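In: give me a 3D structure for the following:
(one chain, ligands or ions: 1)
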Amino acid sequence: MTNPVTAFDPKAFRRALGNFATGITVITARTPGGEMSGVTANSFNSVSLDPPLILWSIDKRSGSCRIFEAATHFAVNVLAADQIDLSNHFARPSDDKFAGIAHGAGLGGAPVLPDCSAVFQCEKYETVDGGDHWILIGKVVSFDDIGRSPLLYHQGAYSVALPHARFADNAEGQAPALRALEGRLSTNLYYLMTQAVRAYQQDYQPLQLATGLRTGEARMLMVLEQDRQLSLEALLDEINLPRSEVEAAAEILQRKLLVACRDGRYQITAKGIEQAARLWQIAAAEQQKMFSAIGDDELAAFRKVLTLLAAN
Ligand SMILES: Cc1cc2nc3c(=O)[nH]c(=O)nc-3n(C[C@H](O)[C@H](O)[C@H](O)COP(=O)(O)O)c2cc1C
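Out: Just a heads-up that it's a prediction; the model follows:
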């Protein structure tokens, strides 16, 4: 849908921007007087190779602005996939963001976090007025490429990087992942589970997305079809996605007349029930296809193991 720039609403604008998946950084600084701060930021981007410049932007209302203003340097800590807690921690205002947080001291005293994917230590190069944000450009003076799998952010939700399904095409016509299963990893249950989910998703997700619904929207319809009337809190429990994503899905489904909200409770419409039935059909057909060669007893054992693991 086209939103003319004269009349767009900020929520819709943010959601449209959320289509651009990013990594997540914690950007840190220390003033000459010893005050430190760190801000979770996904506005980080590269600018120039020669000279080596990067940028990010900070909300002018941020309590950390004055620290970045007074500091000579800042450090960009690119978070790894297992650092969600750090991302959440540095997204909250606090008088002492580093209390209980392991860190070293980088250039200009900027705190450096251990076990990230990469760290870029920068001296401040230029600050540009960018509407309600300051755009901070840094000149990279030192960097560490630790190479850990990065934490991603997409549509208000944390995510991880999985190779695209199409990477499987190679000269021998066999997926690299399948060949790897012949090696030592083939006995590692975690590896097997991730490969199995990937194989399943490769087939299933395009079919689900072809209905025109995103994952959160499809999940909400499928939940509402079974429970019919739920509050936002109950939906959050069931759908297991971030609040912002569930709220956005609820808004879109209402716009499409698939869901209605009365007295704070969400209810599927007749049109929504038809759509949910199609989604369940796709899910059932995929399950049938993927598990058709597996016997009932084996399937029952598999379901039991998955349920046990999920409850952990
Ligand atoms: C994933 C994510 C990305 C964020 N990106 C930015 C950003 O690029 N710039 C910004 O100013 N705030 C961003 N924020 C919000 C800040 O992290 C948050 O407002 C700040 O840490 C609050 O503390 P403060 O008082 O030090 O500003 C982001 C938050 C999250 C969860």
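
In: for the stretch 201-312 of the chain, just list every one of the helices.
Out: Here the stretch 201-312 of the chain has its helices, by DSSP state H, counting those that start in this stretch, at 215-227, 232-239, 243-255, 270-291, 296-311.

In: nearest to Ala105, out of these?
Out: helix 243-255 (34.4 Å; CB to CB). All C-beta spots, glycine's among them, are computed from the backbone N, C-alpha and C.

In: for the closest one, which positions count as buried?
Out: By neighbour count with 16 or more other CB atoms under 10 Å, helix 243-255 contains the buried residues Ser244, Glu245, Val246, Glu247, Ala248, Ala249, Ala250, Glu251, Ile252, Leu253.

In: leaving out the residues flanking it, which one is nearest to Pro93?
Out: The shortest distance from Pro93 to any non-neighbouring residue, by CB to CB, 6 or more residues apart in numbering, is to Gly63 (5.3 Å).

In: the one you found - that's part of a strand, no?
Out: No. The assignment for Gly63, made by DSSP: H, G, I helix; E, B strand; the rest coil, is coil rather than a strand.

In: quick check on it: phi, psi?
Out: phi -60, psi -20 (degrees, to the nearest 10).

In: show me where the stretch 51-200 of the chain has helices.
Out: 65-70, 84-89, 176-180, 189-209.

In: which of these sits closest to the ligand?
Out: Between the ligand and the helices of the stretch 51-200 of the chain, the shortest gap by CB to the nearest ligand atom is with helix 84-89, which sits at 6.0 Å.

In: what comes up buried for that closest one?
Out: By neighbour count with 16+ other CB under 10 Å, helix 84-89 contains the buried residues Leu86, Ser87, His89.

In: from the stretch 101-250 of the chain, which residue is nearest to the ligand?
Out: Closest point on the stretch 101-250 of the chain to the ligand, by CB to the nearest ligand atom, is Tyr153, at 4.8 Å.

In: picking up where we left off before, of the buried residues of helix 84-89, closest to Ser159?
Out: Out of the buried residues of helix 84-89, the member with the shortest distance to Ser159 (by CB to CB) is Ser87, at 11.9 Å.

In: mind checking how far that closest one is from Glu245?
Out: 16 Å (CB to CB, to the nearest Å).

In: picking up where we left off before, got a list of what the residue of the stretch 101-250 of the chain closest to the ligand touches?
Out: Ala21, Thr22, Gly23, Ile24, Asn42, Ser159 (CB atoms under 8 Å, 6 or more residues apart in numbering).

In: from those, which shows the smallest pLDDT?
Out: Taking these together, the minimum pLDDT is found at Ser159 (84).

In: get me the contact residues on the stretch 151-300 of the chain for the ligand.
Out: When proximity is defined by CB under 6 Å from any ligand atom, the stretch 151-300 of the chain lies next to the ligand at Tyr153.

In: 8 Å instead, please
Out: Tyr153, Tyr158 (CB under 8 Å from any ligand atom).

In: where in the stretch 151-300 of the chain is pLDDT low?
Out: Regions of the stretch 151-300 of the chain meeting the criterion pLDDT under 70 cover residues 162-182.

In: switch to 80 and redo it
Out: Within the stretch 151-300 of the chain, the segments meeting pLDDT under 80 span 160-186, 209-210, 212, 227, 242, 244.

In: so of the helices of the stretch 201-312 of the chain, which one's packed in deepest?
Out: Ranked by average neighbour count under the criterion mean count of other CB atoms under 10 Å, those are headed by helix 215-227 at a mean of 21.
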